Each structure stands twice: as C-alpha cells, then as structure tokens.
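**Student:** Need a 3D model of the following:
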Amino acid sequence: MASGLGQVEIVISGFGGQGALFAGQLLAHAALDDNRHTTWIPSYGPEMRGGTAHCIVIISDDEIGSPVVRNPRAAIVLNLPSLDKYESLVKPGGVLVVNESLVDRRPDRSGIEIVMVRANEEAEQIGDKRLANLVMVGALLQRLPVITLEALGQSLDRHIPAHRRNLLEANLLALKRGAEVAASQV
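**Tutor:** Below you'll find the predicted structure:
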C-alpha cells in the first residue's frame, strides 16, 4: 500500500474499445484487494466502440465522501479529445499521462508532471496492441504509486476472466514496460 497520498482521484479517458474502463476497474479491484476505499464510475459515449469512454477512480485510505471529481490528481488520456478535455482539469502538482501514439501535441500545462508514452507501439512490441491501456497504467503508477505494480499484478491474477488467462503474462509485461518508460523520463 502506498502511504501518505491521502485520497487520489484518477480519470482514464479514450475512445470506446481502448480499455479505459477496464484499466479503471483493475485499479479499483487492486485498491479493494489492498483494503482501501475505492469508487469506480464508468461513463460511455453514444457508442461503445469508437465513441468516447472514460471512468473516474478514487482510491483512499479513508471513507470517500463523494464520487464527484472536478480536478483529479491524475489523468490517463488515450487520445487527443481526452487530452483536450482533461489537460486543464488536473490538479496542480498532479500527473498527466498522455498516449503519444494518438496525440499529436505535447500538453502545454505547467505545474503538473507530464508523461508522454508511445503506448500503442510499446503494446505492439509486447505482441498485442490491446495492451496500450496497461502500458499507460504502469506509467501512471511509476509516477503516482497509489498502488504498487506488484499489488496490481496480483489483483489482475485474481480477477482476470478464465477466457483471458492466457493474456496474464502479457498484461503484467505491459504494466512493467509502462513503468520503465515513465522512469526513463525523470
């Protein structure tokens, strides 16, 4: 368990089908497995694949008063529309993780940590482009260790559906690779 972070609000946003909701659900499961308080609020656009999808995850050592988040401590943005929407909302001192594979500009915000990750290419090198979401989660947790990578991996092992079990090792590798990319930018 990470200590001293208090309550952490995270927004994960992208196109439907990019795994934003799964990434948030995984963080929430890991927090619950770590005996933390958590909320996971998904939001879908008009279409699941190709429309917008985002979720809000709150992880706290104490009870969570409200699931409403105006200024999250962190955002993972998987595409340009998500960057345009959430870049200005991240709290000063927060973390913004950007999928550089689909975003053609660097954020111009000051006062926050910006991590640029070529998540699609990293996922393809691992062997499955669908792993980009977990590359991004690994990058976030390297900069904002609200959950350890080990705890997240253990939670994934416990909660992965039987028909996806063959993807466990690749998912764990994606988390690790994302953390390595983020660490290289310090």
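
**Student:** who does the longest helix anywhere in the chain touch, helix- and strand-wise?
**Tutor:** Assignment by DSSP state H gives helix 168-184 as the longest helix of the chain. On a contact count with 3 or more Cβ pairs under 8 Å, 6 or more residues apart in numbering; DSSP states H and E, helix 168-184 meets strand 113-117, helix 119-126, helix 132-143, helix 149-159. The way it works is simple: take the backbone N, C-alpha and C, and place the C-beta from them, glycine included.

**Student:** Report the buried residues of it.
**Tutor:** By neighbour count with 16 or more other Cβ atoms under 10 Å, helix 168-184 contains the buried residues 171-179, 181-182.

**Student:** In JSON lines: the helices and strands packed on helix 168-184, plus mean pLDDT.
**Tutor:** Below are the helices and strands packed on helix 168-184 laid out as JSON lines (pLDDT from 0 to 100):
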{"stretch": "strand 113-117", "mean pLDDT": "98"}
{"stretch": "helix 119-126", "mean pLDDT": "97"}
{"stretch": "helix 132-143", "mean pLDDT": "98"}
{"stretch": "helix 149-159", "mean pLDDT": "94"}
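
**Student:** Tabulate these (a markdown table), appending distance to residue 91 and mean neighbour count.
**Tutor:** Listed next are these as a markdown table, based on distance: least, Cβ to Cβ, whole Å; neighbours: other Cβ atoms under 10 Å:
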| stretch | distance to residue 91 | mean neighbour count |
| --- | --- | --- |
| strand 113-117 | 11 | 20 |
| helix 119-126 | 23 | 20 |
| helix 132-143 | 14 | 28 |
| helix 149-159 | 22 | 17 |
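
**Student:** Which of the ones you listed sits closest to residue 55?
**Tutor:** Nearest of the helices and strands packed on helix 168-184 to residue 55, taken as Cβ to Cβ: helix 132-143 at 11.2 Å.

**Student:** contacting residues around that closest one?
**Tutor:** Contact with helix 132-143 is made by 10, 12, 14, 18-20, 22-23, 26-27, 74, 76, 78, 95, 97, 99, 101, 113, 115, 117, 119-120, 122-123, 126, 147-149, 152, 171, 174-183, as judged by Cβ atoms under 8 Å, 6 or more residues apart in numbering.
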